[in-house]
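> here are the coordinates; sequence isn't available:
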């Protein structure tokens, strides 16, 4: 699949039990950060389990453009020979980050305190997304940004030769904004401080510590106060990327709503800042168990077993959990449609500015499949119809958004009539093996003539 080429219409037909082992790809968030911090270290970082979706491959290309040597062995092991903190060279060409908001925002942070000018662009979806949330705090270091109206790509950033450390309160829960400021702070003297009122995924902090940066986190009345001492020499690492919980969400949720299913999803990262979906599903009554719990590369990991759960109930998802499952609300809404009663989701305005307006995209598609959805600026609710009672039959717009496309294909596995998406091509950005993996479990997915 290609997130940048010809649309690929797809249809998911109601299927029999899903069964087997779902080996989902490596964690996208950790994959991006492994490449970027490897490029900022001195020496060779070795990475196994890297997600080889388009988003991450675009980040690998960007690190090469900044002067790092990035290579891949035939067995899938990646090697990054870094240039050191502050050592990025000015790229010869525009940096194209494709569909990846994480990639572009983290890379902007990493180059912001280097004395280079870089122009960024992306695909049609990424070029609609707001970048001021990152460029505004980067301006505090002295970085300049010039882009399209509304702070959108294409955009040129001019890094600062003599940055100053900053103290920044993140206005909305966003691991991307936090991470961009921390990465910029690596090449600023003194201490850069980031304060977040609500905890977001902490992969950047964990990985910075692993690479040898001096970083502390303290919980105060202000929130989580993260303090980074600038100008470290980052030490190269050997990184085993755990499997992505956001990708695991799709086979897990499909198994829970498809009659007779029993699916094992091994080696999933269960970082507390990422595992909100699985906690929520269990609260709804899902038969979802953790097996073989362990620690790998500083991250908690377990094998997930998901079995068909026809008696799930709608719940009110705690608002404070939103940051730990923000990417999983679309597929949660599919489960909610198959539960009994209403599922309410609040504090989710970030969904309005993802690859698409995910609330609007899911609400429209669910309504087209016979499900009642209500929504507001930062909330939405799904009225569950109970197991096996979703009519389906709709054709849903993916809006160049991989998670929207996959969510509706999951819906079709357990609805009464097939569900189609107008374009499944964006799935390649995060989950390039989605089709064969789900097909191997028993799903009936088909590409249509475009």
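Structure's in. What do you need? Nothing here was measured: the structure is a model prediction, and the numbers come from that model.
> and the helices in the stretch 251-400 of the chain?
276-283, 329-337, 358-368 (DSSP state H, counting those that start in this stretch).
> likewise for the stretch 51-200 of the chain?
Using DSSP H, counting those that start in this stretch, helices in the stretch 51-200 of the chain cover 54-65, 101-111, 132-141, 175-185.
> for residue 301, which of the helices of the stretch 251-400 of the chain is the nearest?
For the helices of the stretch 251-400 of the chain, the distance to residue 301 is smallest for helix 276-283, at 12.7 Å, taking CB to CB. No exception for glycine: its C-beta is placed from N, CA and C like everyone else's.
> please name every helix or strand in contact with that closest one.
On a contact count with 3 or more CB pairs under 8 Å, 6 or more residues apart in numbering; DSSP states H and E, helix 276-283 meets helix 245-257, strand 287-296, helix 329-337.
> same thing but at 10 Å, please
The criterion is 3 or more CB pairs under 10 Å, 6 or more residues apart in numbering; DSSP states H and E, and the helices and strands that helix 276-283 contacts are helix 245-257, strand 287-296, strand 299-307, strand 316-317, helix 329-337.
> can you redo the ones you listed as TSV with mean neighbour count?
Rendered in TSV, the data for these read as follows (neighbours: other CB atoms under 10 Å):
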stretch	mean neighbour count
helix 245-257	28
strand 287-296	13
strand 299-307	20
strand 316-317	18
helix 329-337	28
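> can those go into TSV with extra columns for mean pLDDT and distance to residue 89?
As requested, these are arranged in TSV below (pLDDT from 0 to 100; distance: least, CB to CB, whole Å):
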stretch	mean pLDDT	distance to residue 89
helix 245-257	97	33
strand 287-296	93	34
strand 299-307	94	32
strand 316-317	98	45
helix 329-337	98	39
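> okay, these in a markdown table with distance to residue 394 next?
A markdown table is the format used below for these (distance: least, CB to CB, whole Å):
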| stretch | distance to residue 394 |
| --- | --- |
| helix 245-257 | 16 |
| strand 287-296 | 27 |
| strand 299-307 | 25 |
| strand 316-317 | 24 |
| helix 329-337 | 12 |
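> go through these and name the closest to residue 167.
Shortest separation from residue 167 across the helices and strands packed on helix 276-283 is recorded for strand 299-307, at 28.4 Å, computed as CB to CB.
> coming back round to it: of the helices of the stretch 251-400 of the chain, which is nearest residue 121?
With CB to CB, the closest approach to residue 121 among those belongs to helix 358-368: 22.6 Å.
> what helices and strands are in contact with that closest one?
Packed on helix 358-368, when contacts are counted by 3+ CB pairs under 10 Å, 6+ apart, are helix 329-337, strand 372-376, strand 379-385, strand 395-396, helix 402-414, strand 419-421.
> repeat that for 6 Å
Using 3 or more CB pairs under 6 Å, 6 or more residues apart in numbering; DSSP states H and E as the contact criterion, the neighbours of helix 358-368 among helices and strands are helix 329-337, strand 372-376.
> export these to CSV and tack on distance to residue 280?
Written out in CSV, the entries for the helices and strands packed on helix 358-368 read as follows (distance: least, CB to CB, whole Å):
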stretch, distance to residue 280
helix 329-337, 7
strand 372-376, 18
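> nearest to residue 419, of the ones you listed?
Counting by CB to CB, residue 419 lies closest to helix 329-337 out of the helices and strands packed on helix 358-368; the figure is 9.7 Å.
> ok so, going back, tabulate the helices of the stretch 51-200 of the chain (TSV), appending mean neighbour count, distance to residue 40 and mean pLDDT.
Compiled in TSV, the helices of the stretch 51-200 of the chain are given as follows (neighbours: other CB atoms under 10 Å; distance: least, CB to CB, whole Å; pLDDT from 0 to 100):
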stretch	mean neighbour count	distance to residue 40	mean pLDDT
helix 54-65	23	9	97
helix 101-111	27	6	97
helix 132-141	20	16	97
helix 175-185	27	8	97
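> okay, those in a markdown table with distance to residue 75 next?
Output for the helices of the stretch 51-200 of the chain, formatted as a markdown table (distance: least, CB to CB, whole Å):
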| stretch | distance to residue 75 |
| --- | --- |
| helix 54-65 | 17 |
| helix 101-111 | 24 |
| helix 132-141 | 35 |
| helix 175-185 | 29 |
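> next, count neighbours for residue 435.
For residue 435, the tally of surrounding residues (other CB atoms under 10 Å) stands at 20.
> checking my notes, it in a helix, right?
Yes. Residue assignment for residue 435, taken from DSSP: H, G, I helix; E, B strand; the rest coil, places it within a helix.
> show me how the chain divides into domains.
Taking automatic domain parsing as the domain assignment, the record places the domains of the chain at 10-26+242-447, 28-240.
> the stretch 51-200 of the chain: strands as residue ranges?
Counting by DSSP state E, counting those that start in this stretch, residue ranges of the strands within the stretch 51-200 of the chain are 69-72, 78-83, 95-96, 117-121, 144-148, 152-158, 167-170, 191-196.
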